[in-house]
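Colleague: what would the 3D arrangement of this be:
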Amino acid sequence: MQKLLSYPISVVYYLFFGLTLVVFHPIQWVCFNIFGYQAHKVSVDALQFFLLRCANILGTRFSFKNPHNIPTDKPLIIIANHQSLYDISPIMWFMRKHHTKFISKIELGKGIPSVSYNLRHGGSVLIDRKNPRQSLPAIMKFGEYIENNKRAAVIFPEGTRSKNGTPKPFQTKGLEILFKKTPSALVVPISINNSWKMQRYGSFPMGLGTHIKFTVHEPIELATFADKQELIKRVESTIKAHIHP
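Modeller: Presented below is the predicted three-dimensional model:
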C-alpha cells in the first residue's frame, strides 16, 4: 500500500526537486561570477535548505546529532558511511559553517543542474576512479586546498553506497592522502542511518516516511596519531558501531 501511495507523491517530489536545481543553477552562476566565493557559498547553502524541504514532501525527517563544539578555524576531514545521495545535502546544510567540500566521481561534474556547477566551482574535487594517474594527484591538490583554506573535506571511504544499510569495508588510499596533505586537520567521524530507505525501491518510486539520522562523533586531532592506519581502524570502528541496518 505504501509503495502504491509513493508513486504520485514521488512525482510531486521530483517536480519540486528538479525545479529547485534548475532555479538555483543561474543563481549560483551569478553569485560565483559576479560576487565571488562567499556569495556562491550562500547560494549553495540555500540550495541545500530547499533540497531538504523537497525531501519533506516524501515525509522524510532529518536528525543531526552534533554535541561537539567543532572549531571553524581548523581544516576538517569528515569521514562517513555512505547509503544514498541523500547523505550529502544534510551534511552540507548542518555543517555549512565549516565550508564542506566533497570528493566526487568525475561523472557528476556535468549534466546535473546546480549540482555539477557546484562540484566544478565550489572547491570540491572530481576524480576518475578508474584512473589513478588523475585521481591521486587531484586528491593531493584537494588536501592542500583544505589545509590552506581551513575547509572541511567530506569523504565516503566505502567507495560506493550501501543499498541496504550494511556498511562496506573502508578503502584507505584516499584517506591516507588527505591525512598527509592536511596535517593540522581534525578528523570528524559521522554515522548515517536510514538514508538507503529513500531508495528502497530504486530511483522511482521513492521511499516514504524515512527518518534519516546523523550522529557526529568526537573529533580527533590528526596529529596525535603517528600510526595513521590505527586511526583509520578507530574511525571505521566508531562509525560502524553506530550503524543500524
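
Colleague: for residue 146, give me its contacts.
Modeller: 75, 76, 77, 101, 152, 153, 178, 181, 182, 185 (CB atoms under 8 Å, 6 or more residues apart in numbering). Glycine gets a C-beta too; all of them are placed from N, C-alpha and C.

Colleague: ok, and what's touching the lengthiest strand in the chain?
Modeller: Looking across the chain with DSSP state E, the single longest strand is strand 186-193. Strand 186-193 is contacted by residues 70-71, 74-83, 87, 91, 152, 165, 212-217, 219-222, 231, 235, 238-244 when judged by CB under 8 Å, 6+ apart.

Colleague: only the buried subset of the residues you listed, as a ChimeraX command please.
Modeller: The ChimeraX selection below is limited to those of these classed as buried (16 or more other CB atoms under 10 Å):
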select :70,74,75,76,77,78,79,80,81,82,83,87,91,152,165,212,213,214,215,216,217,219,220,222,231,235,238,239,240,242,243
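
Colleague: mind listing which of the contacts of strand 186-193 are in strands?
Modeller: Among these, the members that lie in strands (by DSSP E) are 76-80, 152, 212-216, 220-221.

Colleague: need the residues you listed in TSV with distance to residue 28 and pLDDT, can you?
Modeller: Below are the ones in strands among the contacts of strand 186-193 laid out as TSV (distance: CB to CB, whole Å; pLDDT from 0 to 100):
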residue	distance to residue 28	pLDDT
76	23	98
77	25	98
78	22	98
79	27	97
80	24	97
152	19	97
212	25	97
213	29	98
214	25	98
215	30	98
216	27	98
220	33	97
221	34	96
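
Colleague: out of those, which two sit at the greatest distance?
Modeller: 212 and 221 (28.8 Å; CB to CB).

Colleague: in space, what's closest to residue 74 - neighbours in sequence excluded?
Modeller: residue 186 (5.5 Å; CB to CB, 6 or more residues apart in numbering).

Colleague: got it, and residue 93?
Modeller: Using CB to CB, 6+ apart, the closest residue to residue 93 is residue 48 (4.1 Å).

Colleague: wait, residue 58 sits on residue 197?
Modeller: No. In this structure, residue 58 is not within contact of residue 197 by CB atoms under 8 Å, at 10.4 Å.

Colleague: now the common contact residues for those two.
Modeller: Each of 207, 210 lies in contact with both residue 58 and residue 197 under the rule CB under 8 Å, 6+ apart.

Colleague: secondary structure element for residue 205?
Modeller: Residue 205 belongs to no helix or strand when assigned by DSSP states H and E.

Colleague: so which residues of the chain form strands?
Modeller: 61-65, 76-80, 100-105, 125-127, 152-155, 186-193, 211-216, 220-221.

Colleague: how about TSV for these, with distance to residue 4 added?
Modeller: Compiled in TSV, those are given as follows (distance: least, CB to CB, whole Å):
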stretch	distance to residue 4
strand 61-65	22
strand 76-80	33
strand 100-105	34
strand 125-127	39
strand 152-155	36
strand 186-193	26
strand 211-216	21
strand 220-221	46
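
Colleague: for residue 78, what are its contacts?
Modeller: Residue 78 sits next to 91, 95, 98, 100, 152, 153, 154, 155, 188, 190 when contact means CB under 8 Å, 6+ apart.

Colleague: repeat that with 10 Å
Modeller: Residues near residue 78 by CB atoms under 10 Å, 6 or more residues apart in numbering: 70, 91, 95, 98, 100-102, 152-156, 185-190, 216, 219.

Colleague: quick one on the thing from earlier: dump the contacts of residue 146 to a markdown table, plus distance to residue 141.
Modeller: Converted to a markdown table, those look like this (distance: CB to CB, whole Å):
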| residue | distance to residue 141 |
| --- | --- |
| 75 | 14 |
| 76 | 18 |
| 77 | 15 |
| 101 | 12 |
| 152 | 16 |
| 153 | 12 |
| 178 | 11 |
| 181 | 8 |
| 182 | 12 |
| 185 | 16 |
